[in-house]
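# any chance you can model this:
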Amino acid sequence: MLKSKTFVKKTRSGGVMKVVREHYLRDDIWCGSEACTECKQESTVLQTDACIESSLCSYPHYLIPDTNVVLHQIDVLEDAVIRNVIILQTVLQEVRHRSAPVYKRLKDIIHEKEKHFYTFTNEHHRETFIEREPGETANDRNDRAIRVAAKWYSQHLKTSESDTDGLKVVLLTNDQGNKQKAEESGLLVYKFEEYIKSLTANPELVDHLALSNDNKNEITSSKVLFPEHLPLSRIQAGIKSGSFVQGTFRASRDNYLEATVFIQGEGEDSTEILIQGLQNLNRAVHQDVVAVQLLPRSQWVAPSSVVLQDEGAAKDDNVEEEEEEKALRISAAEAARKATGKVVGIIKRNWRPFCGMLNVSQIKESTRHLFTPADRRIPRIRIETRQATTLAGQRIMVSIDGWPKDSRYPNGHFVRSLGGAGEKDTEQEVLLLEHDVPHQAFSQAVLSFLPKMPWAITPEDMVRREDLRHLTVCSVDPPGCTDIDDALHCRELENGNLEVGVHIADVSHFIRPGNALDKEAANRGTTVYLCGKRIDMVPELLSSNLCSLRSNVERLAFSCIWEMNHEAEILKTRFTKSVINSKASLTYAEAQMRIDDTNKNDDITKSLRGLNKLAKILKRQRIEKGALTLSSLEVRFHMDSETHDPIDLQTKELMETNSMVEEFMLLANISVAQKIYDEFQECALLRKHPAPPPSNYDILLKAAKSKDVAIHTDTAKALADSLDGAKVDGFPYFNTLLRILATRCMMQAVYFCSGMDNDFHHYGLASPIYTHFTSPIRRYADIIAHRLLAVAIGADSTYPDLMDKHKQSALCNNLNYRHKMAQYAQRASVAFHTQLFFKSRGILNEEGFVLFVRKNAIIVLIPKFGLEGTVFFDSKDKVTPSIVFDEEGPALTVEQHTFRIFDKVKVTISLDASNIQHQKIRMALTDPVIPGVSVPVPDAEPQAKKPKLDR
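Now for the predicted structure:
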């Protein structure tokens, strides 16, 4: 049967267009129930014995949730207890329009066989389709459609000849009006909360309930604490007229009463508006998109340098927080004041489930507790739970449901427990979740696109490839590396020149555009390396086996081959897909020993020596052009083989061979960047490193000046040269410290699409163009570079998204985000392992250098451990000494002693575990000795405690 749907829509020019859609109704849409004998269905989803222990429904029953139940209570629906649910097409479509994340979760549940969730296409069923009546809102029509379908189901199951044992259909809704109408038409209907509370065998489900509007009133006081949020229509009108601006809300880590709103301007421009005080923050949460109204200039303030954490007992809704707010408003000099505003409305909430810990309420028997998120930028959340005693001391996840204007904290509900706080696996899970690192196991859909084993190279694979299996190719990597992306060769040609090849794993041969494997890799963006754990971007079969260029096996590669003379000048460059057979997988140390051992003269060693000689020339040329050699201390943990705890910590040493591999990778990346840009000017994926604004260098210049060293920062070359010449007699470590500081002044390097930008320069490498090509196993950007290069040399076919600069640009944004988060996650992992290391060490006394000077503290770097920490001079439990801060220096005078950048100090290092959620390394001064400030030197630790290392 054919119906037609008619609706009108506005066109861009302001006209109105009538749209008529054909809508087919059918008689062969089955009910999906095992108990039914009428429907001619091949397979069924809903079980006959649909029993859940419920004090309300003692009979077997199917559940039909309405749209709002699905949107708000998805955490409960995901629970294994909830089975035999009918998801109507009306609900599925509405959920899809209103929340992509919930829609994805719902689809996942429907695919789980043991959950018995059945999708019923009620909008195309002759007996359940309804027309929208004149004057009826779309919402009311959908509610009616749900009621009609529920009615049809209950009658259909009754008339079914089989003995259905009183099988019934229960409609679940939170809408009072909908419930009333359903009852009037004789349907079995319950509010979602009352149904869940009736499941006597599963009381834990109640904790997962999101608060509905009825419950929210109970938790709050009658006093209105916050201004009302404006409706979206007012916000849009205000943004249009210019009285409001739209931006991303960024809460401060150090001060819960302060935030900035980041407003993206045209192109590269962006501005920030400062928000201070609870009323002005007006219930915005970190990363929300908000509407802000600027305050009059007379009310502008300066960012506060006070550190304020929202800690301790729950602040009562009617207790004024004026004391803390006063601390912010220290009269600031006119110049320091910033554009200040207040949040007038929320455009888009960016809430996710947050990790953290429960502060168990002091009131006995209370079910209301405060939850403190691990991320200091997120406010504390009030939740209801009956299992507080079990959850105390555990890391848990909580979702926010809403933030009424009369509640001091947002309301939320418990999602799940992650495990005991401080346990290694739990903390690793928290770290991955908080940095938004996708780390779930690869789905079957993704794994289905992997090649079938045993895998071998076929004649079809060889069609557009060169056979380079005869070349003496070898790889050089860190010890224990299984995802080997790159291999090298160097040989002398008959004409006396050298042929050098960089061979990169041909990952794009295995990952085809647009399939599930490709989408997953594009979403992950990068492999994340934590201490002792790796979260792969692609499944292990590829990363550690088929794409890993291991020795003595045939592997597909993408080769970049140059002909050079002995002065490392490039005479010819060519690119080709190839097959190689690596002759050796070496570590940096093994490769170095071969080069240095004069008795060795085999092909591999000769190849390495040739590469090393050319690399030194390439590096010299690069540095002459102005490339920077900066320094950052990387630490390496030695793990105990059984407990996997860190037993030793040392900074990584770099060898000549590290630099050798790096030079050829840089050269390959630059050569590929030039080639893909020449071929595809609009859609090449490139990487740039912007030059820092001059103000970034202030701290570096001041630091150097304090030791009478001049640093020039007009160009990268001037900076590189002055860093090379920066030396202080009797202070050999000075140059490294200066380079560490210079690293802090740099901007972040980013991926971009060539058609959307005109500044390609890479500041740190002093190269006019650059991309990433050499690590496709662990970076998705390199896979795109491979695809572009393959199309350019005719080795593979193109596809539409590859040539779409807008899609390419959106991809770059995700890759930049994932890379940044991976970096933060790696740092957090090192910090956690450092804490584990010091936990078993007691108190150590070490030498360090002052890196920065702050108003009330100095930041100290301990070279031995590559560790940074803060020595505070105004602790709560001690009398504060006289402190004078000189911003120009910068210098800090404590009592009679003045601290400047690069001063040598001695400090004690210990682990402060008083706040289990935010454990930190504490440092206290032992030298110079300042009465009332410094602490005594701890007794030397007994040597017996030190475990031996298997070197």
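
# which SS class is the spatially closest residue to Asp759 that is not a sequence neighbour?
Spatial nearest neighbour of Asp759, excluding adjacent residues (Cβ to Cβ, 6 or more residues apart in numbering): Lys688 at 6.5 Å. Quick note: C-beta positions are derived from backbone N, CA and C, even for glycine. Assigned by DSSP: H, G, I helix; E, B strand; the rest coil, the conformation of Lys688 is strand.

# and Lys688, what does it touch?
Contacts for Lys688 (Cβ atoms under 8 Å, 6 or more residues apart in numbering) come out as 749-750, 752, 757, 759-762, 770.

# between these, which is nearest Ser361?
Val750 (45.9 Å; Cβ to Cβ).

# the closest one: neighbour count?
When neighbours are counted by other Cβ atoms under 10 Å, Val750 registers 17.

# what number of residues lie near the nearest residue to it once chain neighbours are set aside?
Closest residue to Val750 apart from its sequence neighbours, by Cβ to Cβ, 6+ apart: Asn816 at 5.0 Å. By other Cβ under 10 Å, the residues close to Asn816 number 18.

# how far does the helix or strand containing Asn816 sit from its chain's centre?
Using DSSP states H and E, Asn816 sits within helix 805-839. Computed by Cα atoms, centre = their mean, to the nearest Å, the separation of helix 805-839 from the middle of its chain amounts to 6 Å.

# next SSE after that helix?
Following helix 805-839 toward the C-terminus (DSSP H and E): strand 844-853.

# need the contact list for the closest residue to Ser366 other than its chain neighbours.
Leaving out its chain neighbours, the residue that sits closest to Ser366 by Cβ to Cβ, 6+ apart is Ala388, at 8.0 Å. Going by Cβ under 8 Å, 6+ apart, Ala388 touches 358, 360-361, 366-367, 369.

# hang on, the earlier thing: between the helix holding Asn816 and strand 844-853, how many degrees?
Calculated by axes from the mean of the first three to the mean of the last three Cα atoms, to 10 degrees, helix 805-839 forms an angle of 140 degrees with strand 844-853.

# quick one: average pLDDT of helix 805-839?
Helix 805-839 shows a mean pLDDT of 90.

# list the buried residues in that helix.
Going by neighbour count (16 or more other Cβ atoms under 10 Å), the buried part of helix 805-839 is 805, 808-809, 811-812, 815-816, 818-819, 821-822, 825-826, 828-838.

# need the contacts of Ala388 in CSV with neighbour count and distance to Asp108, can you?
Shown next, in CSV, are these (neighbours: other Cβ atoms under 10 Å; distance: Cβ to Cβ, whole Å):
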residue, neighbour count, distance to Asp108
Leu358, 24, 28
Val360, 15, 33
Ser361, 16, 35
Ser366, 11, 35
Thr367, 14, 30
His369, 21, 30
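
# so which of the residues you listed sit within strands?
358, 369 (DSSP state E).

# return the member of the contacts of Ala388 nearest to Gly177.
Thr367 (29.4 Å).

# got phi/psi on the residue nearest to Ser366?
Phi and psi for Ala388, reported as degrees, to the nearest 10, are phi -60, psi -40.

# let me know the distance separating it from Thr367.
8 Å (Cβ to Cβ, to the nearest Å).

# over to Leu209?
Taken as Cβ to Cβ, the span from Leu209 to Thr367 is 12 Å.

# same check on Ser582?
With Cβ to Cβ as the criterion, Ser582 and Thr367 are 62 Å apart.

# list the buried residues in stretch 711-729.
By neighbour count with 16+ other Cβ under 10 Å, stretch 711-729 contains the buried residues 711, 713, 716-717, 719-723, 726, 728.

# mind putting those in a markdown table, secondary structure included?
Output for these, formatted as a markdown table (three-state DSSP):
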| residue | secondary structure |
| --- | --- |
| Ile711 | coil |
| Thr713 | coil |
| Ala716 | helix |
| Lys717 | helix |
| Leu719 | helix |
| Ala720 | helix |
| Asp721 | helix |
| Ser722 | helix |
| Leu723 | helix |
| Ala726 | coil |
| Val728 | coil |
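
# would you list those in JSON lines and tack on pLDDT and distance to Asp801?
JSON lines is the format used below for the buried residues of stretch 711-729 (pLDDT from 0 to 100; distance: Cβ to Cβ, whole Å):
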{"residue": "Ile711", "pLDDT": "87", "distance to Asp801": "45"}
{"residue": "Thr713", "pLDDT": "86", "distance to Asp801": "41"}
{"residue": "Ala716", "pLDDT": "84", "distance to Asp801": "35"}
{"residue": "Lys717", "pLDDT": "86", "distance to Asp801": "39"}
{"residue": "Leu719", "pLDDT": "87", "distance to Asp801": "39"}
{"residue": "Ala720", "pLDDT": "85", "distance to Asp801": "39"}
{"residue": "Asp721", "pLDDT": "86", "distance to Asp801": "44"}
{"residue": "Ser722", "pLDDT": "85", "distance to Asp801": "45"}
{"residue": "Leu723", "pLDDT": "84", "distance to Asp801": "43"}
{"residue": "Ala726", "pLDDT": "82", "distance to Asp801": "48"}
{"residue": "Val728", "pLDDT": "80", "distance to Asp801": "54"}
